[in-house]
Each structure stands twice: as C-alpha cells, then as structure tokens.
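Asker: could you work out the structure for the sequence below:
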Amino acid sequence: MTDQELVERARAAALRAYAPYSHFHVGCAIESTHGEVVSGANMENACYRLGICAEQSALTAAQAAFGLENVARIAVAGGRIEGGSLAGEGACTPCGGCRQAILEAAQLSGRDVEIICANGEGSRVERHSISTLMPHGFGPANLADASGG
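Answerer: Here you go, the predicted model:
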C-alpha cells in the first residue's frame with residue numbers, strides 16, 4: 001500500500017468520526033507488517049473526558065486484528081467536514097496521549113513506527129517517527145527493572 005492510499009484510508013475514517021462538539025474529525029489507518037489495514041475515528045462525548053481519539057480507536061482495532069507487535073506504520077488525517085469531504089490546511093499530528101499509545105506499539109514491535117500526518121484534503125503530508133515525536137517516552141522497555149532484569 002502506498003503512503004497516499006494509507007492517508008486516504010485515514011481520511012475516509014475521519015468522515016465516520018463523531019465530533020459534534022469540536023467539529024474536528026480525525027481518522028487513523030494502521031498498516032500491519034503483513035499489509036492488513038484497520039482504521040478508527042475520534043468519538044466525542046457530552047462528558048468531554050470520555051471521548052476517544054482516532055489513534056486509540058485504530059490501535060484497539062489493530063490489537064484485535066493482528067496485534068500491536070505487528071504495527072508497521074500509521075496514517076492520521078484530520079480537519080472539518082465541508083461539503084461531505086474532509087477539509088483543512090494543517091497536518092494533523094497525534095496528541096500526547098496517542099503518542100504514548102503509539103510508543104507502546106513501537107516498543108512491542110521493536111520498530112520505530114512511522115506516522116504519516118496529513119491535512120484534511122490529504123494534500124499536505126508530514127512524516128515522523130514515534131521516536132521523533134516522543135523522544136524520551138516511557139514504555140514497556142522502561143519496566144525491565146521492575147522484574148529484576
């Protein structure tokens with residue numbers, strides 16, 4: 001799958017987001033090491049803290065479909081809905097909590113997971129590795145001392 005195809009999957013997922021409060025629709029597509037793709041979208045809630053990000057939604061689907069240890073790369077796209085399409089100029093990057101969740105998958109997989117961040121139209125793309133977005137992250141590898149080695 002090409003980068004653009006993965007971004008298009010994320011953009012399509014964003015159209016299925018439930019975002020009646022922020023009106024910021026985010027979609028995420030995750031490709032496995034075997035080429036399988038799952039997606040997720042943000043879901044807001046009237047009790048704001050109960051909302052879920054697109055990346056968390058997609059990571060849950062990835063765990064169920066092929067396991068976090070098989071996450072190869074991730075695409076995220078976000079923006080507003082305009083005329084039935086996703087729109088917006090700025091590339092959408094994962095929030096801090098999602099970066100932490102992606103770091104967990106990266107450490108489980110032993111890969112520096114690539115994150116392709118796109119704007120609403122899909123015309124602007126930034127590529128980041130999770131180690132760049134979360135340079136001093138805390139994950140499963142940091143817990144080695146808890147078990148004595």
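Asker: do a quick rundown of the strands in the protein.
Answerer: Secondary structure of the chain by DSSP state E: the strands cover 25-32, 37-41, 71-82, 85-87, 114-118, 125-129.
Asker: hey, where'd the helices end up in the chain?
Answerer: 3-14, 54-65, 96-109, 130-133 (DSSP state H).
Asker: for Gly84, find the nearest of the ones you listed.
Answerer: For the helices of the chain, proximity to Gly84 was assessed by Cβ to Cβ; helix 3-14 is nearest, at 12.0 Å. C-beta here means a position set from N, CA and C on the backbone, and glycine is covered the same way.
Asker: for that closest one, what is the average pLDDT?
Answerer: Averaging pLDDT along helix 3-14 gives 98.
Asker: helices or strands up against that helix?
Answerer: strand 25-32, strand 37-41, helix 54-65, strand 71-82, strand 114-118, strand 125-129 (3 or more Cβ pairs under 8 Å, 6 or more residues apart in numbering; DSSP states H and E).
Asker: give me the mean pLDDT for the third one.
Answerer: The average pLDDT for helix 54-65 rounds to 98.
Asker: next, the angle strand 37-41 makes with that helix.
Answerer: 140 degrees (axes from the mean of the first three to the mean of the last three Cα atoms, to 10 degrees).
Asker: export stretch 8-18 to CSV, keeping only CA atoms.
Answerer: Only the C-alpha atoms of stretch 8-18 are listed here, as CSV (Å, rounded to 0.1, in the frame of the first residue of the first chain):
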residue,chain,number,x,y,z
GLU,A,8,-6.9,8.1,2.0
ARG,A,9,-8.0,5.3,4.4
ALA,A,10,-7.4,7.7,7.3
ARG,A,11,-9.3,10.4,5.6
ALA,A,12,-12.2,8.1,4.9
ALA,A,13,-12.2,7.0,8.6
ALA,A,14,-12.4,10.7,9.6
LEU,A,15,-15.7,11.1,7.7
ARG,A,16,-17.1,8.5,10.1
ALA,A,17,-15.9,10.4,13.2
TYR,A,18,-18.5,11.5,15.8
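Asker: with that, I have no additional questions.
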